[in-house]
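**Student:** Pasted the sequence and its predicted model underneath.
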Amino acid sequence: MIDRRGALTRLLAAGGLLLAPPRLAATTELRDRAVAELTGGQPVRDGRVTLTIPAIAENGLSVYTTVAVDSPMTPEDHVRAIHILSEKNPIARLASFRLTPRSGIAQVSTNIRLAASQQVTALAELSDGSFWRDRRDVVVTLAACIDGG
Amino acid sequence: MALAAARVSMPEQARRGEIVNVKALMRHPMETGYRVDDMGRPIERHIVERFRVTYGGDEVFAIDLTQGVAANPFFAFYLRADESGPVVFTWEDDRGEVTTVTRELTVTA
């Protein structure tokens, strides 16, 4: 049986990719450079971070995104920062959240823009200087416009 | 009267040690600087660059934003209720406009 809704979604997603002009788009390389600037070259491990974002985002202008980090949030052991990074937007770093032990729980949510279907990265910096990440692929049906209004 | 530019949702009262959920919404175009108007002229970038939260005078939470955050930026996060005091929310945009919302949090034993 033909999955008509799936086929339509894929068609629109392909259109979204075409709308993003390559001259302005970030690349995986730029994303990796942004990560390296944040970490100072420290290794980044998978785990402790949970990035919750729709697998299919209908509206790239506003994609609800939550990042949670497994941390007791005590003065001795807490999350210092959570960064959300893109590999296809004009700017790789979308937002950086600064947390303190008084944040209580290391969980933040916001709405981000996605200029194309891509992998989104959540990077957490802990008080012991370690870095952790989670990554999710997102198919964007209608991409956030970069030019042409 | 227009809607307030910034709104915050959080409890007015909490027990000591309780972790409270905070939601903050700001009315702002978050103009990316990548778009052009009907005449083909570039539309200047206009974004909120920084959001800060102080609690009892100490900065407890902050966000650095870029144009990768959607228009009318919305944030949800948490605070640990450890003392009664003002919680001050400040949004600063790249044109120097500052918006502040203050809420009192009463902490009970």
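**Tutor:** On my side now, so go ahead.

**Student:** just checking, what packs against the helix or strand harbouring A:E58?
**Tutor:** Using DSSP states H and E, A:E58 sits in strand A:56-59. Counting contacts by 3 or more C-beta pairs under 8 Å, 6 or more residues apart in numbering or on different chains; DSSP states H and E, strand A:56-59 packs against strand A:131-142. Glycine gets a C-beta too; all of them are placed from N, C-alpha and C.

**Student:** Remind me what the strand it packs on packs against, helices and strands.
**Tutor:** Judged by 3+ C-beta pairs under 8 Å, 6+ apart, strand A:131-142 is in contact with helix A:4-19, strand A:44-46, strand A:49-52, strand A:56-59, strand A:63-69, strand A:118-126.

**Student:** pLDDT on it, on average?
**Tutor:** Across strand A:131-142, pLDDT averages out at 96.

**Student:** tilt between that strand and strand A:118-126?
**Tutor:** Strand A:131-142 runs at 150 degrees relative to strand A:118-126, counting by axes from the mean of the first three to the mean of the last three C-alpha atoms, to 10 degrees.

**Student:** now check the strand or helix carrying B:E49, is it near chain A?
**Tutor:** Secondary-structure assignment from DSSP H and E places B:E49 in strand B:48-55. Yes. Interface with chain A: strand B:48-55 contributes B:Y55 (C-beta under 8 Å from any C-beta of the partner chain).

**Student:** So what are the sheet partners of that strand and their directions?
**Tutor:** Applying DSSP bridges to the sheet, strand B:48-55 is found paired with strand B:58-65 (antiparallel), strand B:85-93 (antiparallel).

**Student:** So which of those is nearest B:A4?
**Tutor:** B:A4 sits nearest to strand B:85-93 of all the strands paired with strand B:48-55, at 12.0 Å, using C-beta to C-beta.

**Student:** Quick one: name whatever helix or strand follows that closest one.
**Tutor:** That would be, after strand B:85-93 and using DSSP H and E, strand B:98-108.

**Student:** for residue 93, what are its contacts?
**Tutor:** Here I'm looking at chain A. A:34, A:38, A:83-85, B:66, B:68 (C-beta atoms under 8 Å, 6 or more residues apart in numbering or on different chains).

**Student:** The intended chain is chain B.
**Tutor:** B:28, B:46-49.

**Student:** at 6 Å instead, please
**Tutor:** B:D93 sits next to B:V48 when contact means C-beta atoms under 6 Å, 6 or more residues apart in numbering or on different chains.

**Student:** Quickly note the distance from it to chain A.
**Tutor:** According to C-beta to the nearest C-beta, to the nearest Å, B:D93 stands 15 Å off from chain A.

**Student:** for B:F77, same thing?
**Tutor:** B:F77 is 5 Å from chain A, by C-beta to the nearest C-beta.

**Student:** got the angle for the helix or strand hosting that residue vs strand A:63-69?
**Tutor:** Per DSSP H and E: B:F77 is located in strand B:74-80. Counting by the same axes, to 10 degrees, strand B:74-80 lies at 20 degrees to strand A:63-69.

**Student:** What parts of chain A come near chain B?
**Tutor:** Counting by C-beta under 6 Å from any C-beta of the partner chain, chain A comes close to chain B at A:62, A:89, A:91, A:94-98, A:100, A:102-105, A:108-113, A:146-147, A:149.

**Student:** how about a cut-off of 7 Å?
**Tutor:** Neighbours of chain B within chain A, by C-beta under 7 Å from any C-beta of the partner chain: A:24, A:61-62, A:86, A:89-91, A:93-100, A:102-105, A:107-113, A:145-149.
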